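Visitor: coordinates only, sequence not included:
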């Protein structure tokens, strides 16, 4: 079945450590997105990519980095510069002129 | 100013009754799209319904309908005949412009609890 796979489901980060969240899709979608969700809040856009080897900052990109070397993959790195990384992270994809985003099941990141 | 406002942090409804979840939006772009997503406790975001700014009719998808009032800039979600499985967070979202890629802005959500 086609879909978006995020891993791991739970992730723990130590102080000063970089961690990478994986997002893979087999929907053949061009565009991919990363959103952050804090408790009781809506989703906020971190980064998005419309094509391979290209990506743009969203509303809260500071402390995060991404790469888009393959169409299927859009990993997100939470760097040590992100001082409040504890949140639920959702990856999504869409087709050009698509009417909706398709979401993965999310990764919960916590700080030890 | 918030682009998407959901004023109901929580709503309660009895099984089999209808419920309306409120959403107002703010944009100066004449071309936009409005979305509703459901987020159960598992965390995944499930697409429910879409309304384009130029659509003449209100969108419907099964038990879900979108009450689109363009002049009031509101896009309320109506769930008919509520079921226990409808208990979840519900998010309203908007895409502005004619961009081919859906960069959505989300509201803060409404928690819906359906009781037997």
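Guide: It's in. Treat the numbers as computed from the prediction; the structure is a model and nothing was measured.
Visitor: For the rest of this, base every contact and every neighbour count on C-alpha atoms.
Guide: Will do.
Visitor: Under the pLDDT cut-off, which ranges of chain A? List them.
Guide: For chain A, applying pLDDT under 70 flags the ranges A:1, A:97-99.
Visitor: swap in chain B?
Guide: When residues are selected by pLDDT under 70, those of chain B lie in B:1, B:98-102.
Visitor: ok, the residue nearest the centre of it to chain A distance?
Guide: Nearest to the mean C-alpha position of chain B, by Cα atoms, centre = their mean, lies residue B:36 at 3.4 Å. According to Cα to the nearest Cα, to the nearest Å, residue B:36 stands 10 Å off from chain A.
Visitor: secondary structure element for that residue?
Guide: Assessed by DSSP states H and E, residue B:36 sits inside strand B:32-39.
Visitor: What is whichever helix or strand comes after that strand packed up against?
Guide: Moving toward the C-terminus from strand B:32-39, the next helix or strand (DSSP H and E) is strand B:46-52. When contacts are defined as 3 or more Cα pairs under 8 Å, 6 or more residues apart in numbering or on different chains; DSSP states H and E, strand B:46-52 sits against strand A:102-103, strand B:32-39, strand B:60-61, strand B:64-69.
Visitor: Now render these as TSV, adding distance to residue A:3.
Guide: Formatted as TSV, the helices and strands packed on strand B:46-52 follow (distance: least, Cα to Cα, whole Å):
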stretch	distance to residue A:3
strand A:102-103	8
strand B:32-39	17
strand B:60-61	22
strand B:64-69	24
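Visitor: Could you look over the ones you listed and pick the most buried one?
Guide: Comparing the helices and strands packed on strand B:46-52 by mean neighbour count (mean count of other Cα atoms under 10 Å in any protein chain shown), strand A:102-103 ranks first with a mean of 24.
Visitor: Specify the beta-bridge partners of the nearest residue to residue B:9 once chain neighbours are set aside.
Guide: Setting aside the residues directly before and after it, residue B:9 is nearest to residue B:110 in space (Cα to Cα, 6 or more residues apart in numbering or on different chains), at 4.8 Å. As for beta bridges, residue B:110 partners with residue B:90 under DSSP bridges.
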